[in-house]
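*Asks:* Fold the following.
(chains A and B, ligands or ions: 2)
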Amino acid sequence: MSSLRLINIDKSFGKTAVLKNINLEVEEGEFVVFVGPSGCGKSTMLRIIAGLEDATSGTIEIADQVVNDVPPAKRGIGMVFQSYALFPHLNVRDNLALGLKQSKEDKQLIDERVKESSRILHLDPYLERFPAQLSGGQRQRVAIGRAIARHPKLFLFDEPLSNLDAALRMSTRVEIANLHRQIDTTMIYVTHDQIEAMTLADRIVVLRDGVVEQVGTPMELYNNPVNQFVAGFLGLPSMNFLPAEQIGSKQGATAGIRPEHLVFGESGPIDATVVYVEQLGGDTNVIVKLAAGAELTARLFGQHKYSVGDKVKVAVDEDNIYLFDADGKRIR
Amino acid sequence: MQKVRRSPFNLFAVHAILITYTAIALFPVVVILINSFKSRKAIFRDPLGLPDAESFSLVGYSTVFEQGDFFGYFQNSMIVTVGSLFFILLFGAMAAFALAEYRFRGNTLLGLYLALGIMIPIRIGTVAILELMVATGLVNTLTALILVYTAQGLPLAVFILTEFMRQVSDDLKNAGRVEGLSEYVIFFRLVLPIVRPALATVAVFNMITIWNDLWFPLILSPSEETKTLTLGSQVFIGQFVTDWNAVLSALSMAILPVLVLYVLFSRQLIRGITAGAVK
Ligand SMILES: Nc1ncnc2c1ncn2[C@@H]1O[C@H](COP(=O)(O)OP(=O)(O)OP(=O)(O)O)[C@@H](O)[C@H]1O
Ligand SMILES: [Mg+2]
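*Replies:* Ligands and ions are numbered 1, 2, ... in the order given. This is a model prediction of the structure:
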């Protein structure tokens, strides 16, 4: 059974097309992450799935039912927003219960569900507090709890972690991963943070300018990007691109090399000069300038003593070179 | 947290300017107040002097209470002001919500049309309004005044509130929709409380204009039963053109209710005015 199916979705605001012919099928229990640069239409996609926005054309199916004309509250979805969006006039308990009360569930069930959400997200100490009396991390947990309480068939997350600081982001990310393991419901998650995408996703959907560039598991996308955009989007530091002829390739217009695939040594076919060094402790990022002109970032494991101006010889395994044609399409 | 440090000179200058302004603004009010408690002779002999044992007199107040139906006027003013404010805020907020929240054909045009009234004074239409009221039999009713003031206040209210409603987080409204709240609940329970400062601002601006208006009460409902306080006090001037005691006493009492309402709204008002500035 498919949990979500998008068929030929188009969306335009006035004359500007924001989403172009999106097709996607999500299996039950899958964790799918939408990534892409700012403004590429991720949030719009999510709002269309939620029913907060109408698609200009196309069909949306949730749990094999066409839901194009079903209002958001009846689609069986739970949604978590970037700005938490808790109801300021209700305490945490009532925030968790509101959706169920609106759909006229009986009191006992509501109590159970509130208890359950509160247990899963460790909200017991805060149940009587109002949103204004909670920290950012606690508010986001309440928002997630509110989505859980209704036992949705589909969870939608719109950049839920981007208002949190780095440490909290990490721990909440782990919490979301655990949550998915516990309740095993389909989750659609929007982010522009590639670490969130890589760590959480079963499958990643890369969007650019309203077009799906590639869909696949994180490692598929990392190892086999279909084009230069996907190759450059995933990976940190991002892939090096340089004119193909500078590394002696006859094919392709652009060559791509991941920073970790550059090897420095006594012997190597390419001469280069160190122009910048970043010591990160565990890793060392070295930026070198090739004799031919291109600058490459290399990621070396461990600590290395290079300094600016050092001459080095760089080698790359032939198999680790990606080649793209003039339009950015991958040819090898 | 450390306080922003200011030079003593700046502090002094700011306070000097503010105090001067306050004094200038309050001067006429104070003169009216003190003279309303003085005998007629004392008013003319020493207009700026405080009432003392000899010059103290409540004759003005007693005249006001005896000659006109002061409480009746007062009640009329109250009904008209509160009624108009209620409708201005209700309809203004509803229109603003629709303009800010829903995308529909002609949205911008409708917004402009509604805002047009800011620039065109409603008094231009007085004759037409009077004809309309005569035709509908609303002359000499408070309803006529409430309708006119609502129409007069709506354009600015819609304009200001639309801006504020645009700033209310979309996520919050969307969260409400996902949880199954109706648009009415979203409007009344989620959006209105957030724009409360803006509502208070609109309320205060309109309240003062309506309370002080002489034009429409004089034209649309000058009958004894429907006179507002301002119109009533004006009549004192006509009747007792030499009796300043009554005029000053009536004015003093007319200030009070606006003052009370203002104090009630003022905290919200200041937040409304500064909301854009500190965000
Ligand atoms: N109501 C609207 N009217 C007109 N254009 C809109 C509207 N909402 C979004 N857009 C446009 O649609 C495009 C996609 O917006 P969207 O919010 O989906 O981007 P996003 O991928 O979520 O970006 P971000 O990562 O910054 O959140 C943007 O170019 C935006 O300007
Ligand atoms: Mg977004």
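*Asks:* Now residue 261. Nearest residue, chain neighbours left out?
*Replies:* Going with chain A. Residue nearest to residue A:261 in three dimensions, not counting chain neighbours: residue A:320, with 4.0 Å by CB to CB, 6 or more residues apart in numbering or on different chains. For every residue, glycine as well, the C-beta is placed using N, CA and C.
*Asks:* not what I meant, chain B
*Replies:* Per CB to CB, 6+ apart, closest to residue B:261 is residue B:207, 5.8 Å.
*Asks:* Secondary structure element for the one you found, which one?
*Replies:* helix B:196-212 (DSSP states H and E).
*Asks:* Which of the three states applies to the residue nearest to residue A:68 when sequence neighbours are not counted?
*Replies:* The shortest distance from residue A:68 to any non-neighbouring residue, by CB to CB, 6+ apart, is to residue A:60 (5.7 Å). Under DSSP: H, G, I helix; E, B strand; the rest coil, residue A:60 falls in the strand class.
*Asks:* What's the local residue count around residue A:60?
*Replies:* By other CB atoms under 10 Å in any protein chain shown, 22 other residues sit near residue A:60.
*Asks:* Can you tell me which residue sits nearest the middle of the chain?
*Replies:* Since you didn't name a chain, this refers to chain A. residue A:197 (3.4 Å; CA atoms, centre = their mean).
*Asks:* Correction: the question concerned chain B.
*Replies:* Central residue of chain B (CA atoms, centre = their mean): residue B:207, at 1.4 Å.
*Asks:* can I assume that residue is in contact with residue B:88?
*Replies:* No: contact criterion CB atoms under 8 Å: residue B:207 and residue B:88 do not qualify, at 9.7 Å.
*Asks:* List phi and psi for the residue nearest to residue A:261.
*Replies:* Residue A:320 adopts backbone torsions of phi -90, psi 10, taken as degrees, to the nearest 10.
*Asks:* coming back round to it: so which other helices or strands are in contact with the helix or strand that the helix holding residue B:207 is followed by?
*Replies:* Using DSSP H and E, the helix or strand that follows helix B:196-212 in sequence is helix B:215-220. With contacts taken as 3 or more CB pairs under 8 Å, 6 or more residues apart in numbering or on different chains; DSSP states H and E, helix B:215-220 sits against helix B:126-136, helix B:142-167, helix B:229-239.
*Asks:* Would you point to the one among those that's packed deepest?
*Replies:* helix B:142-167 (a mean of 22; mean count of other CB atoms under 10 Å in any protein chain shown).
*Asks:* what helices or strands is that helix leaning on?
*Replies:* helix B:70-101, helix B:107-116, helix B:196-212, helix B:215-220.
*Asks:* Okay, angle between the longest one and helix B:142-167 too, please.
*Replies:* Read it as helix B:70-101. 30 degrees (axes from the mean of the first three to the mean of the last three CA atoms, to 10 degrees).
*Asks:* For helix B:70-101, could you pull out the residues that count as buried?
*Replies:* B:70, B:72-74, B:76-77, B:79-81, B:83-85, B:87-89, B:91-101 (16 or more other CB atoms under 10 Å in any protein chain shown).
*Asks:* what stretches of the chain score poorly on pLDDT?
*Replies:* If you meant another chain, say so; for now it's chain A. Residue ranges of chain A with pLDDT under 70: none are present.
*Asks:* that's the wrong chain, I wanted chain B
*Replies:* Low-confidence segments of chain B (pLDDT under 70): B:1-5, B:235, B:238-242, B:269-279.
*Asks:* Show me how the record splits it into domains.
*Replies:* Here the domain parsing of chain B from automatic domain parsing is B:1-57, B:67-270.
*Asks:* Please work out how many residues are found near residue A:51.
*Replies:* Neighbours of residue A:51 (other CB under 10 Å): 24.
*Asks:* Same question for residue B:168.
*Replies:* Neighbourhood size, residue B:168 [other CB under 10 Å]: 18.
*Asks:* That one and chain A, how far apart?
*Replies:* Residue B:168 is 11 Å from chain A, where distance means CB to the nearest CB, to the nearest Å.
*Asks:* which ones are touching residue B:225?
*Replies:* The neighbours of residue B:225, taking CB atoms under 8 Å, 6 or more residues apart in numbering or on different chains as the test, are B:72, B:140.
*Asks:* A strand includes it, no?
*Replies:* No: using three-state DSSP, the assignment for residue B:225 is helix, not a strand.
*Asks:* could you check the distance from it over to residue A:74?
*Replies:* 55 Å (CB to CB, to the nearest Å).
*Asks:* Ok, residue A:16 next?
*Replies:* 30 Å.
*Asks:* The closest residue to residue A:83 other than its chain neighbours sits in which helix or strand?
*Replies:* Distance criterion CB to CB, 6+ apart; nearest residue to residue A:83, sequence neighbours excluded, is residue B:171 at 4.6 Å. In this assignment (DSSP H and E), residue B:171 forms part of helix B:170-178.
*Asks:* Check which helices and strands that helix sits against.
*Replies:* helix A:42-50, strand A:77-80.
*Asks:* ok, now which ones touch the nearest residue to residue A:159 once chain neighbours are set aside?
*Replies:* In space, and not counting its chain neighbours, residue A:159 is closest to residue A:82: 4.4 Å by CB to CB, 6+ apart. Contact analysis of residue A:82 by CB under 8 Å, 6+ apart lists A:158-160, A:162-163, B:171.
*Asks:* just residue A:136 next, same as before
*Replies:* A:84, A:163-165, A:168.
*Asks:* Could you list the contact residues of chain A toward ligand 1?
*Replies:* Contacts of chain A with ligand 1, taken as CB under 6 Å from any ligand atom, map to A:13, A:18, A:36, A:38-44, A:192.
*Asks:* try it again with 8 Å
*Replies:* A:13-14, A:16, A:18, A:36-47, A:82, A:158-159, A:190, A:192, A:207, A:210 (CB under 8 Å from any ligand atom).
*Asks:* Which among those count as buried?
*Replies:* For these, a burial check counting by 16+ other CB under 10 Å picks out A:18, A:36, A:40-47, A:82, A:158-159, A:190, A:192, A:207, A:210.
*Asks:* Tell me if I'm right that residue B:78 and residue B:256 touch.
*Replies:* No: because the distance of 11.5 Å does not satisfy CB under 8 Å, residue B:78 is recorded as not touching residue B:256.
*Asks:* For the residue in the stretch 51-200 of chain B positioned nearest to ligand 1, give its distance to residue A:53.
*Replies:* In the stretch 51-200 of chain B, no residue comes nearer to ligand 1 than residue B:103, which is 7.0 Å away by CB to the nearest ligand atom. To residue A:53, residue B:103 is 10 Å away according to CB to CB.
*Asks:* Looking at those two, which is more packed in?
*Replies:* Set residue B:103 next to residue A:53 and count neighbours by other CB under 10 Å: residue A:53 wins out with 19 against 8.
*Asks:* got the contact list for the more buried one?
*Replies:* Applying CB under 8 Å, 6+ apart, the residues near residue A:53 are A:11, A:44, A:47.
*Asks:* Appreciated, that's everything.
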